[in-house]
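> below are the sequence and a predicted model for it; my questions follow.
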Amino acid sequence: MSENEDIPTPTNNDNTSNDVEEVVVEEVTDRMAETNLQENGNGSDIEEEEEEEEVLVEEDDDVNPMTTLPPEVLKRVETLRGLNDQRSNLMEEYLRERAELEKKYQNLCQPLYDERAKVVKGTTNEGEAGNDATAVSSSSPSSNKGIPQFWLCAMAHMSLVAELITEQDVDCLVHLMDVKCIDNTDGTGFVLEFHFEPNDYFHNTILTKQYEVPNLLLADEPILKNVLGCTIEWKKGNSLVHRETKKKQRAKSGKNAGQIRTIVKKERTESFFHFFTPPAVPTALDAIDQMDEVQAVELEESLGMDYDVAQSFRSHIIPKAVLWYTGEALDAEMGDMLDGDDDWPGGGFGNGGPGPSPFPPGKPGEAPPECKQN
């Protein structure tokens, strides 16, 4: 190539490329902006839809589902409602008749219980009561009267009750002469009566525990509406539910500075007799709402166990006292447990076991009081 020949000037491809890139970047940026705008718009739409759904759900909650049924279906529902009302009337009649039946047989059994009480107390001629073949002649030489510690031994063989009895209670419970259960005439509760002979511990001759259970005659979980104990009139210095401790204090200031005074404090002690001071049943929903979860659970367990102890007397110890005294009922219950029957007496609202005691526990390793059958 000659020196004078023009050298072709190269085309500026770099500038062209840069222009294209700028156009592409602008288009991508615009599209991203549109996408963001659409996404934001869709997000708002989604939020609005969710709010609308919530409103619809709230409105649906207020709507009676019965109003959405076809008229012919609604009539059939009303027919079923009428059948249910008829059943409710039959159940009310059933409960009245069952209460009357329970009362009838309670009255038939009462003379037997009265005779049992006479034998236990020793106020009847043993040869005239019960089976003559097993009766003890009144002429037989014996210093014993009646059957000593009868109810104490029967209670000691029922584990749910025995765990409440302390060694200090034993000397008092030997004076327990009879235990009765009196059902309400309408079948909505019962009263337990503990009859004592004169003793060194309290002035009362009868201690009572009253339960109000509206569904007592039904197989449902019991509804404990109320429970009332009684006031034990302890003789001075012989209370089993608390002990008095004396402490001397010296005044440090004031006009009595330097003087010594004696302060008497009452300390709670373990005892079966706490059974007659039951936990209070809340009578208002506000009282329950003010409790925290722990308090509510403790109250429920305490009331449940208190009721189980009462049912142990009502359904087991009182009707079959002699079998609990001899231990035969305990053996039978143990046999049922080994056979897989979980219906242990006083099992705790259908929980199938005695569960924790609502009263102060015994000392570690302390065994139930020994039952001495003289």
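The structure has been received and is ready for your questions. Residues are numbered from 1 along each chain as shown.
> give me every residue that touches residue 260.
Residue 260 is in contact with 248-251, counting by CB atoms under 8 Å, 6 or more residues apart in numbering. To be clear about C-beta, it is placed using only N, CA and C from the backbone, and glycine gets the same treatment.
> what's the closest of the residues you listed to residue 217?
The nearest member of the contacts of residue 260 to residue 217, counting by CB to CB, is residue 249 at 57.0 Å.
> about what we covered before: so which of the contacts of residue 260 wins on neighbours?
residue 251 (12 neighbours; other CB atoms under 10 Å).
> from residue 264, how far off is that one?
Distance of residue 251 to residue 264, given as CB to CB, to the nearest Å: 17 Å.
> likewise residue 192?
33 Å.
> what does residue 228 give?
Relative to residue 264, residue 228 is positioned 29 Å away (criterion: CB to CB).
> residue 113 now?
43 Å.
> the more surrounded of the two?
residue 113 (17 against 8).
> surely residue 271 and residue 169 touch.
Yes: using CB atoms under 8 Å, residue 271 makes contact with residue 169 at a distance of 5.7 Å.
> and for these two, which residues touch both?
Joint contacts of residue 271 and residue 169 (CB under 8 Å, 6+ apart) are residue 240.
> residue 124 contacts residue 118, correct?
Yes: Residue 124 is in contact with residue 118 according to CB under 8 Å; the separation is 3.9 Å.
> ok, residue 226 - how many residues close by?
13.
> kindly report the same for the one 5 residues further on.
A count of neighbours around residue 231, defined by other CB under 10 Å, yields 10.
> ok, the one 4 residues further on next?
Other residues within reach of residue 235 by the criterion other CB under 10 Å amount to 11.
> in the stretch 151-300 of the chain, what spans have low per-residue confidence?
Along the stretch 151-300 of the chain, the parts satisfying pLDDT under 70 run over 258, 284-289.
> which residues of it fall in strands?
176-183, 189-196, 206-212, 226-228, 242-250, 260-268 (DSSP state E, counting those that start in this stretch).
> and the angle from the last one to strand 242-250?
Looking back up the chat, that one is strand 260-268. 160 degrees (axes from the mean of the first three to the mean of the last three CA atoms, to 10 degrees).
> list the buried residues for strand 260-268?
The neighbour-count check on strand 260-268 (16 or more other CB atoms under 10 Å) flags nothing as buried.
> how far does stretch 319-328 stretch from start to finish?
Distance between the two ends of stretch 319-328: 14 Å, counting by CA to CA, to the nearest Å.
> phi, psi of residue 291?
phi -80, psi 150 (degrees, to the nearest 10).
> and the closest residue to it other than its chain neighbours, how many neighbours?
Distances taken as CB to CB, 6 or more residues apart in numbering place residue 299 nearest to residue 291, at 7.0 Å, with adjacent residues excluded. Around residue 299 sit 18 other residues, with neighbours defined as other CB under 10 Å.
> next: residue 304.
Residues near residue 304, counting by other CB under 10 Å, number 19.
> next: residue 108.
9.
> what about it, distance to residue 102?
Here the criterion is CB to CB. By it, residue 108 lies 11 Å from residue 102.
> overlap of the contact sets of these two?
Between them, residue 108 and residue 102 share no contacting residue, judged by CB under 8 Å, 6+ apart.
> tell me where the protein has helices.
With DSSP state H, the ranges of helices along the chain come out as 13-62, 71-121, 150-156, 159-162, 167-173, 285-289, 293-312, 321-326, 328-338.
> got the angle between the second one and strand 176-183?
With the same axes, to 10 degrees applied, the angle from helix 71-121 to strand 176-183 works out at 160 degrees.
> what's the mean pLDDT across helix 71-121?
In this model, helix 71-121 has a mean pLDDT of 93.
> report all helices and strands that it contacts.
Packed against helix 71-121, as judged by 3 or more CB pairs under 8 Å, 6 or more residues apart in numbering; DSSP states H and E, are the following elements: strand 176-183.
> before we move on, what about the fifth one?
Counting contacts by 3+ CB pairs under 8 Å, 6+ apart, helix 167-173 is packed against helix 150-156.
> same deal with the fourth one?
Counting by 3+ CB pairs under 8 Å, 6+ apart, the packing neighbours recorded for helix 159-162 are helix 150-156, helix 293-312.
> Throw those into a markdown table and include distance to residue 88, thanks.
Below are these laid out as a markdown table (distance: least, CB to CB, whole Å):
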| stretch | distance to residue 88 |
| --- | --- |
| helix 150-156 | 40 |
| helix 293-312 | 26 |
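> just name the most buried of those helices.
helix 150-156 (a mean of 25; mean count of other CB atoms under 10 Å).
> out of the contacts of residue 260, who's nearest residue 213?
Using CB to CB, residue 249 is the member of the contacts of residue 260 that sits closest to residue 213, with 48.3 Å.
> distance check, the closest one against residue 261.
The gap separating residue 249 from residue 261 is 6 Å, by CB to CB.
> so residue 308 touches residue 160, yeah?
Yes: between residue 308 and residue 160 there is a contact under CB under 8 Å: 6.2 Å.
> for the residue nearest to residue 291, give me its contacts.
279, 282, 291.
> quick one, which of those residues are buried?
residue 279.
> dump the strands of the stretch 151-300 of the chain into a markdown table; add distance to residue 330 as well.
Converted to a markdown table, these look like this (distance: least, CB to CB, whole Å):
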| stretch | distance to residue 330 |
| --- | --- |
| strand 176-183 | 17 |
| strand 189-196 | 21 |
| strand 206-212 | 23 |
| strand 226-228 | 27 |
| strand 242-250 | 32 |
| strand 260-268 | 30 |
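> mind checking these for the one nearest to residue 318?
That would be strand 176-183 among these, by CB to CB, at 5.1 Å.
> how big is the angle separating that closest one from strand 189-196?
Using the same axes, to 10 degrees: strand 176-183 against strand 189-196 is 170 degrees.
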